[in-house]
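Q: how would this look folded up:
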Amino acid sequence: MSGSRRDFLGNSTLLTAACVAGGSLLGGSVAASTLGATSGDAAAAVKQHTDGTYDTVPLAKPAWTLCLAQTPVHSFDASQWRKGISGNLQHMLQVIDAAHYMQKPDLIQFHEFPLSGWRNWSRQEILKFAIEIPGEETAAIAAKARHYGTWIVFGAYARDKDWPGHVLSITTIINDKGEIVARQWKARNTIVSGFWPGKELFTTTIDNVLDRYVEMYGRDAVIPVARTPLGNLATSSTQSEPELFRAMAIKGAEVFLRTASGGFSKTDIAACASYNGVYSSIVNNSISPDNGPFLEDATGMTGGTAIYGPRGEVVAEAGSPNETFVWGYIPIGQLRARHRQPKLCADLYRDVYADYVAPYAPGLFTQHQPDTMEDAYRYLKDKSRWK
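A: Okay, the predicted model is just below:
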């Protein structure tokens, strides 16, 4: 039996000092802060308040309904990618229709890879079917958002003309008018050599091209927060990275829309919500028949989709690992009325973070782009700065 993709993602590594000690990144209005800056904005400072408050835009309503779509992952042989992507896209569209059959969600969130699932593909194989944003797939999803007046959030492998040859993992936010208002990169991959012997992930993340990313988009874009009429939204497919989520909260994130594919830690999601006084979702895939080399419930790490509240309490959760919806109510107006940045005693430990050295230096994939998981392992195995 093959293991799940999320088996790769275990213990966290800290962000470097710039991400922890105050800074972290992306603010301003929706238009300015979510689609990525141009090179002319590269010198922009981190947009962060120093009085406990944070940037917002006016809310469209005092409360809204969140619908989490716990759907299957259907991977495919790379030679059948057109059929695979088309079938998965059609299923996504059917799920959006189904969510509106009896009631209307204000936002529908899918998991990390609803369009492709995950398999041990090579870089060149993924680049054949990685989507463009905007592109054919986002246009079809945006049409549903526009038709129903619903926001839609989903993860996908993506390619970008500004990053030729790179395989990106991006979470896209589409608003109720069918407009793409955010394309948030995955922050980092956990490097856990030895967990799957001889293999590592080769997806390009912010961390492993950090210097070039900052040069292109500015420091404020490293930790993005989308300031929307539903509240300040932050997305992530990174697991067990409390410093990352704290940085997002300092930037003003009020609702975390987190995704997984094959497992996660419920404690991590609940702690993210509780420690930062925010709402946090987690959308994982369901039991998935016809999923290539994987069993339907690979390693027992399916399901668990849920919404957690500002005290870490469960607001709503899936009752089974099968395909299902999870519905929850986000009283964003009530939260915002009392919410402030997390209260830290940063002066106590700022120097500890400033002197911390992560096991792997940022920017490693600007020097070499691995072609396969095995190539990624060979490239990274002697790059650790730890003994």
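
Q: partner residues bridging the spatially most central residue of the chain?
A: The centroid of the chain falls nearest to residue 236 when counting by Cα atoms, centre = their mean (2.4 Å). Under the criterion DSSP bridges, residue 236 forms beta bridges with residue 258.

Q: can I assume it is in contact with residue 260?
A: No - look at residue 236 against residue 260 with Cβ atoms under 8 Å: they stay out of range, at 10.0 Å. In this view, the C-beta of every residue, glycine as well, is placed from N, C-alpha and C.

Q: which stretches of the stretch 51-200 of the chain form helices?
A: Secondary structure of the stretch 51-200 of the chain (DSSP state H, counting those that start in this stretch): helices at 81-99, 123-129, 136-148.

Q: For residue 317, find the nearest of these.
A: helix 81-99 (17.1 Å; Cβ to Cβ).

Q: quick one: low-confidence ranges for the stretch 101-250 of the chain?
A: For the stretch 101-250 of the chain, residues meeting the criterion pLDDT under 70 lie at 192-195.

Q: just the strands in it please.
A: Here the stretch 101-250 of the chain has its strands, by DSSP state E, counting those that start in this stretch, at 107-109, 151-158, 168-174, 180-185, 226-228, 231-236.

Q: out of those strands, which comes closest to residue 214?
A: Closest among the strands of the stretch 101-250 of the chain, using Cβ to Cβ: strand 180-185, at 12.3 Å.

Q: can you list contacts of the one helix or strand residue 376 maps to?
A: Here residue 376 sits within helix 373-380, counting by DSSP states H and E. The contact list for helix 373-380, computed with Cβ atoms under 8 Å, 6 or more residues apart in numbering, reads 120, 191, 193, 196, 198-202, 360, 364, 368, 370.

Q: Show me which positions of that helix end up buried.
A: Neighbour-count burial for helix 373-380 flags 373, 375-377, 379-380 (criterion: 16 or more other Cβ atoms under 10 Å).

Q: ok, now stretch 292-311?
A: By 16+ other Cβ under 10 Å, the buried positions in stretch 292-311 come out as 292, 294, 297-298, 301-310.

Q: just stretch 258-276 next, same as before
A: 258-265, 268-274, 276.

Q: Confidence-wise, which of those residues comes last?
A: Within the buried residues of stretch 258-276, the minimum per-residue pLDDT falls on residue 263 (80).

Q: Leaving out chain neighbours, which residue sits closest to it?
A: residue 301 (3.2 Å; Cβ to Cβ, 6 or more residues apart in numbering).

Q: I'd like the distance between that neighbour and residue 365.
A: Separation of residue 301 from residue 365 (Cβ to Cβ, to the nearest Å) stands at 27 Å.
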